[in-house]
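> Please work out how this folds:
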Amino acid sequence: MSLPLVPFQPDRLQNLRWSFPSQYGFARDLLFVPLIPTEVLRVAREYPIGFHRTEQGCEVVAYLGDADGRANRFVDAQGRWTGGYVPFWLRVRPFMLGASGASVLLDPALVGVAGTYAFTEDGSAFSAEAEDVARQLDRVQRGAAALSAAVALLLETEVAQAAAGGPRAGLAFVPAARPAEVLSSDMAGWYARDPRAVELAIAASFSTAFLPATAESPVTLDTAHAPTEATLRQAAVAPLYVPTALPADLDWLDTGEKIAF
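Got it, this is the predicted structure:
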């Protein structure tokens, strides 16, 4: 079901209230979600980071799909989020950013006359809570261009490599050994071009450890057609360092911060 979007403006949201999600059934079929700059390092510790081209540019995404690409593996049957961190754009629903700016998704489960927070105070101006949301969405929008440019550079130089079909088609990932293969020979040059691209490549390569394993081949008793044995050799991976996220790196609704409206 397609839900209507309205501009995030006081005159369009009079007498309405909103709540943030307490369950995530709406994301059950979502295979990836865009990320904002301040959550990339946090996400890299739990979810595979991929890159995606859109009509608006390039974006960083967290891959949430299962091995078959059929469903979000982090939403259970009751709609609860089973991961340790909920990506920003899922936590701030019904707020969204589009080509025309900040918008509100009129999801009846989150927007109505009985939500937690009021959009307006007197019908003509945002409430203090809505003003806080507007400031944070503006901050996210201002950081999007630099992040998109970093992704574009990694795609153009093939540091990030497109998935070979299957459920991850349309996305690109940075293989674990790729930064050592491509960046290490000219690290100073890469930092001069775009230091954000270097850090993004390292975080993304680290996160590939969390890609879901593909389904195992079926067991067969037909020895004549059994698959041949192969010796698996893990590619050498240079040590990678992903720094611990500092409070300044965490976004305004991060579950590790005590935020009160």
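> Find me the pLDDT at the nearest residue to Val198 once chain neighbours are set aside, would you?
Once flanking residues are discounted, Val198 sits nearest to Trp190: 5.1 Å by C-beta to C-beta, 6 or more residues apart in numbering. Backbone N, C-alpha and C define where each C-beta goes, glycine included. The predicted local confidence for Trp190 comes out at a pLDDT of 92.
> Next: Met96.
The score at Met96 is 93. That number is its pLDDT.
> Next, the buried residues of the strand or helix carrying it.
Counting by DSSP states H and E, the element that carries Met96 is strand 95-98. Applying a neighbour-count criterion of 16 or more other C-beta atoms under 10 Å, the buried positions in strand 95-98 are 95, 97.
> Flag every buried residue along whichever helix or strand comes after it.
Scanning forward in sequence from strand 95-98, with DSSP H and E defining helices and strands, the next element found is strand 101-105. For strand 101-105, the buried set under the neighbour-count rule, 16+ other C-beta under 10 Å, comprises 102-105.
> tell me which of those residues is nearest to Leu90?
Ranking those by separation from Leu90, with C-beta to C-beta as the measure, puts Leu105 on top at 12.0 Å.
> Surely Ala162 touches Leu171?
Yes: if you go by C-beta atoms under 8 Å, Ala162 and Leu171 touch, sitting 7.5 Å apart.
> which residues does the nearest residue to Asn72 once chain neighbours are set aside contact?
For Asn72, ignoring the flanking residues on the chain, the nearest one in space by C-beta to C-beta, 6+ apart is Leu64 at 4.6 Å. With C-beta atoms under 8 Å, 6 or more residues apart in numbering as the criterion, the residues that contact Leu64 are 27, 30-33, 47, 72-74.
> mind exporting the strand holding Met96 as CSV, just the C-alpha atoms?
What follows is the C-alpha trace of strand 95-98 in CSV, where atoms were taken according to Å, rounded to 0.1, in the frame of the first residue of the first chain:
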residue,chain,number,x,y,z
PHE,A,95,10.1,11.7,8.5
MET,A,96,11.8,11.4,5.1
LEU,A,97,14.1,13.3,2.7
GLY,A,98,13.2,13.5,-0.9
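> So what touches it?
Around strand 95-98, the neighbours that count as contacts under C-beta under 8 Å, 6+ apart are 5, 8, 89, 102-105, 133, 137, 140-141, 144.
> now the residues you listed in JSON lines, with distance to Phe119 and pLDDT?
JSON lines is the format used below for the contacts of strand 95-98 (distance: C-beta to C-beta, whole Å; pLDDT from 0 to 100):
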{"residue": "Leu5", "distance to Phe119": "15", "pLDDT": "92"}
{"residue": "Phe8", "distance to Phe119": "9", "pLDDT": "95"}
{"residue": "Trp89", "distance to Phe119": "19", "pLDDT": "95"}
{"residue": "Ala102", "distance to Phe119": "12", "pLDDT": "92"}
{"residue": "Ser103", "distance to Phe119": "13", "pLDDT": "95"}
{"residue": "Val104", "distance to Phe119": "8", "pLDDT": "96"}
{"residue": "Leu105", "distance to Phe119": "13", "pLDDT": "95"}
{"residue": "Val133", "distance to Phe119": "9", "pLDDT": "93"}
{"residue": "Leu137", "distance to Phe119": "14", "pLDDT": "92"}
{"residue": "Val140", "distance to Phe119": "19", "pLDDT": "90"}
{"residue": "Gln141", "distance to Phe119": "19", "pLDDT": "88"}
{"residue": "Ala144", "distance to Phe119": "24", "pLDDT": "89"}
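> So which of Ala162 and Leu171 has more stuff around it?
In terms of neighbours (other C-beta atoms under 10 Å), Leu171 is the more surrounded of Ala162 and Leu171; the figures are 20 against 16.
> Next, that one: phi, psi?
Dihedral angles phi and psi of Leu171 (degrees, to the nearest 10) take the values phi -110, psi 160.
> Might one say that it is in contact with Phe51?
Yes: Leu171 is within contact range of Phe51, at 6.7 Å (criterion: C-beta under 8 Å).
> what residues do these two have in common as contacts?
Taking C-beta under 8 Å, 6+ apart as the contact rule, the neighbours common to Leu171 and Phe51 are Val61.
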